[in-house]
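*Asks:* Predicted structure and sequence below. I'll ask about it afterward.
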Amino acid sequence: MKRLALLGIALLLCGCEQKMTKMPRVDPLETSPLFADGAGTRVPVAGTIAADADIGPQPTALPAALDLELMQRGQQRFNIFCSPCHDYTGHGNGRVVQRGFPQPPDFHSARLIAAPDSHFFDVITHGYGTMFSYASRVPVSDRWAIIAYIRALQYSEHVPAGELTPDLKAKLAEAAP
Ligand code: HEC
């Protein structure tokens, strides 16, 4: 009698299968075959596009006017997103690096001074080695603003003496013995 009861319980439990695992469902970010339009019920969040969307050809050089406003925007975004590792001057000694993150290369190296703007755009967009992508945090227009600012940083340490303003020349003469 006991055995029969146990068997009965066992049979009952067999019926308690996790049916939801077998139900048709749409996984996150999956387009659904369940819906006629193939797009599922998810509506993309405003201002976003699918990671694999074809966004067409991208500019390879600064697409905006290079003015003070763009520069200041670039400085602000650089200080927020890049300085933790690349530091405020671009030498690659940011706080995170001081705490043990791999050191990025110096923006003032001959190689990165010679690198085209599109290389910087590419690195921000796709990441590079240990550096992750900033595509989701830095919109395209800000990437160009940051690149303009990095160019200014590079220039700031490599201004040919002849291009210095008179007061800077005076300061230089004062500083140099
Ligand atoms: C969390 C740290 C970190 C942050 C933040 C960061 N980077 Fe980097 N970056 C790195 C590291 C590390 C490398 C070197 C990666 C490698 O060579 O594997 C690197 C490399 C680079 C390079 C050089 C690629 C080359 O050709 O060698 C550029 C350019 C660059 N980063 C730009 C940026 C910009 C612009 C930002 C801000 C939007 C940024 N990085 C934010 C860590 C960071």
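*Replies:* Received it, and whenever you're ready, just let me know what you need.

*Asks:* pLDDT of the helix or strand hosting L168, averaged?
*Replies:* Taking DSSP states H and E as the definition, L168 sits inside helix 166-175. Averaged across helix 166-175, pLDDT comes to 90.

*Asks:* Now do that helix: everything it contacts.
*Replies:* 161, 164 (C-beta atoms under 8 Å, 6 or more residues apart in numbering). Glycine gets a C-beta too; all of them are placed from N, C-alpha and C.

*Asks:* tell me which strands and helices the longest helix along the chain is in contact with?
*Replies:* Using DSSP state H to define each element, the chain has its longest helix at helix 140-156. Contact here means 3 or more C-beta pairs under 8 Å, 6 or more residues apart in numbering; DSSP states H and E; on that basis helix 140-156 packs against helix 68-81, helix 117-126.

*Asks:* Same list (these) but as TSV, adding mean pLDDT and distance to R137.
*Replies:* Output for these, formatted as TSV (pLDDT from 0 to 100; distance: least, C-beta to C-beta, whole Å):
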stretch	mean pLDDT	distance to R137
helix 68-81	97	6
helix 117-126	94	9
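
*Asks:* mind putting those in CSV, distance to the ligand included?
*Replies:* Compiled in CSV, the helices and strands packed on helix 140-156 are given as follows (distance: least, C-beta to the nearest ligand atom, whole Å):
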stretch, distance to the ligand
helix 68-81, 4
helix 117-126, 4
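
*Asks:* need those helices in JSON lines with mean neighbour count, can you?
*Replies:* What follows is these, written out as JSON lines (neighbours: other C-beta atoms under 10 Å):
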{"stretch": "helix 68-81", "mean neighbour count": "16"}
{"stretch": "helix 117-126", "mean neighbour count": "17"}
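
*Asks:* List the buried residues in the helix holding L168.
*Replies:* For helix 166-175, burial by neighbour count (16 or more other C-beta atoms under 10 Å) applies to no residue.

*Asks:* Stretch 104-119 now?
*Replies:* For stretch 104-119, by 16+ other C-beta under 10 Å, it's 104, 106-108, 112, 117.
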